[in-house]
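Trainee: Predicted coordinates and the sequence they were generated for:
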Amino acid sequence: MRLRTLASAAFAASVGALGLVALAPPAQAAAEQPRHCVLRLATANAPVTCYRTADEAAKDISGRGTGSPDRLRAAEVIVAVLYSDDDYEGSRLNLIAPWGCLTSQTSDVEWWYNLHEVAGGWWNDEVESFRTYSGCRATFYQHINLQGAQYGPRESFGDLEALNNEASSVAVT
């Protein structure tokens, strides 16, 4: 009788364990590959080109395969780099323009873009940190067309604070 009780208990425990396994959520998919994208702001309806590595994106930017940001194609400058993670980490969106900003003291918008239009919407609500170059500053907006809550203008910041993963448009001044 005792043997039968132990066997029943073992069976119940194994069914319970199987039930837990069946109810457990599926394992999360492998982490998404980083996206290192290049957007040329001066080109109307500019296609965004994304690469698996930052080095591949740097080759596109430089036109020479050197990976050095100071060797851009003729008449192009980096005006900002947006990052998907805090502290300038993760995927990158390189904003390229034919000229830099007039001065970082002006509020005139040189370039702006709706992030939902970049890489099939992947960059919408993804930016967590940024750096600007060529005398520029960036302002991030919660909604498209430079609407809603804003953060900036700033030259760089390692955390967008209240707009972390909430920015839908960016202006470069």
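Mentor: Arrived safely.
Trainee: Moving C-terminal from the lowest-mean-pLDDT helix or strand in the chain, which element do we reach first?
Mentor: Across the helices and strands of the chain, mean pLDDT, DSSP states H and E gives its lowest value to helix 2-23, namely a mean of 40. Later in the chain than helix 2-23, the nearest helix or strand by DSSP states H and E is strand 36-40.
Trainee: Find the helix or strand that the residue nearest to H116 when sequence neighbours are not counted is a member of.
Mentor: Once flanking residues are discounted, H116 sits nearest to N124: 3.9 Å by Cβ to Cβ, 6 or more residues apart in numbering. C-betas here are computed from N, CA, C, even on glycine. Counting by DSSP H and E, no helix or strand carries N124.
Trainee: Phi, psi for N124 please.
Mentor: phi -60, psi 130 (degrees, to the nearest 10).
Trainee: Tell me how far it lies from W112.
Mentor: Separation of N124 from W112 (Cβ to Cβ, to the nearest Å): 15 Å.
Trainee: how close does the nearest residue to V77 once chain neighbours are set aside get to E128?
Mentor: Spatial nearest neighbour of V77, chain neighbours left out: S134 (4.4 Å); criterion: Cβ to Cβ, 6+ apart. The spacing between S134 and E128, counted by Cβ to Cβ, is 22 Å.
Trainee: When these two are compared, which one has more neighbours?
Mentor: Using other Cβ atoms under 10 Å as the criterion, S134 and E128 rank with E128 on top: 23 against 15.
Trainee: give me every residue that touches the more buried one.
Mentor: Contact analysis of E128 by Cβ atoms under 8 Å, 6 or more residues apart in numbering lists 83-86, 90, 159-160, 164-165.
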